[in-house]
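> Only the shape, not the letters, is given here:
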């Protein structure tokens, strides 16, 4: 069995007290082979927020695959957002996380969709580069196990790529991953759990799965949660763990078979 945890939108600086320790306890008990962290580790990209994220990741006894989200730029420093949007992320988290990971049974590649500054009013929206997607697809082409891509912004979303899910180039990137045989694309940003299949050329499904916020009080109508994926001989499954009613503990609330 391969077990992967997905945590997203930690938003250190706006975290709910007690939840970081509760999440660490859950991850320790579940013993995932790797943890996918799909962006927005800080609230405003402040150094102390990155330091809190670094300390949190260092307490996880598994490899952490991560790429930054739109909140992981120096949010209030426009000059830094233009010149070096990911400098703080790389300096403070770069030694503790990795952009990709492989075992004999699973491969995870991170796909950067966040930008420091954009020529549009809403800088939080994602931008997917199809050339980068094609490069990732090529790197996974010869792998025979579970193929996973992790991004911050959704490439497929309930209701389509509109509103906060309006990721420029998202449809093109999603199609590239579907066509190359990726099994699972995990994203954050919306603070919403969903699982949507897209049919691959071989008839199987590529699942696009969104995660809720793991630690933040910015829950947008859903409780803080994280996703757990188990890949066994019976197939791939998703279990959602949530901290409900203000409790400082995560319990399983839903399990779904990701067939196809």
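Received, thanks. Here the structure is a predicted model, which is why all the values come from computation and not from measurement.

> Tell me, how many residues neighbour the closest residue to residue 208 other than its chain neighbours?
Sequence neighbours aside, residue 156 is the residue nearest to residue 208 in space, at 3.9 Å (criterion: Cβ to Cβ, 6 or more residues apart in numbering). To be clear about C-beta, it is placed using only N, CA and C from the backbone, and glycine gets the same treatment. The local packing of residue 156 (other Cβ atoms under 10 Å) involves 26 other residues.

> what's the pLDDT at residue 156?
pLDDT recorded at residue 156 is 97.

> what about the helices in the stretch 51-200 of the chain?
Applying DSSP state H, counting those that start in this stretch to the stretch 51-200 of the chain gives helices spanning 78-83, 87-93, 130-140, 170-179.

> For residue 104, find the nearest of the ones you listed.
Of all the helices of the stretch 51-200 of the chain, helix 130-140 sits nearest to residue 104, with 14.6 Å by Cβ to Cβ.

> who touches the closest one?
100, 107, 109, 111-112, 147, 149, 169, 172-173, 176-177, 179-182 (Cβ atoms under 8 Å, 6 or more residues apart in numbering).

> just for the protein, where's the confidence low?
For the chain, residues meeting the criterion pLDDT under 70 lie at 117-121.

> Find the centremost residue of it, please.
residue 38 (2.2 Å; Cα atoms, centre = their mean).

> Spit out the contact partners of it.
Neighbouring residues of residue 38 by Cβ under 8 Å, 6+ apart: 6-9, 66-67, 69, 150-152, 186-188, 211.

> Format these as JSON lines; extra columns: neighbour count and distance to residue 162.
JSON lines is the format used below for the contacts of residue 38 (neighbours: other Cβ atoms under 10 Å; distance: Cβ to Cβ, whole Å):
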{"residue": "6", "neighbour count": "29", "distance to residue 162": "23"}
{"residue": "7", "neighbour count": "29", "distance to residue 162": "26"}
{"residue": "8", "neighbour count": "31", "distance to residue 162": "20"}
{"residue": "9", "neighbour count": "27", "distance to residue 162": "20"}
{"residue": "66", "neighbour count": "26", "distance to residue 162": "27"}
{"residue": "67", "neighbour count": "23", "distance to residue 162": "23"}
{"residue": "69", "neighbour count": "30", "distance to residue 162": "19"}
{"residue": "150", "neighbour count": "26", "distance to residue 162": "22"}
{"residue": "151", "neighbour count": "31", "distance to residue 162": "18"}
{"residue": "152", "neighbour count": "28", "distance to residue 162": "18"}
{"residue": "186", "neighbour count": "25", "distance to residue 162": "20"}
{"residue": "187", "neighbour count": "31", "distance to residue 162": "15"}
{"residue": "188", "neighbour count": "28", "distance to residue 162": "17"}
{"residue": "211", "neighbour count": "27", "distance to residue 162": "20"}
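
> any chance of those residues in TSV, with distance to residue 201 too?
Listed next are the contacts of residue 38 as TSV, based on distance: Cβ to Cβ, whole Å:
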residue	distance to residue 201
6	26
7	31
8	29
9	32
66	30
67	27
69	31
150	22
151	22
152	27
186	21
187	22
188	28
211	27
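
> So which of the residues you listed belong to strands?
Counted as lying in strands by DSSP state E, out of these, are 6-7, 66, 150-151, 186-187.

> farthest pair in the residues you listed?
7 and 151 (14.2 Å).

> contacting residues around the residue nearest to residue 208?
Residues near residue 156 by Cβ under 8 Å, 6+ apart: 170, 174, 185, 196, 198, 208.

> distance of it from residue 123?
Separation of residue 156 from residue 123 (Cβ to Cβ, to the nearest Å) stands at 22 Å.
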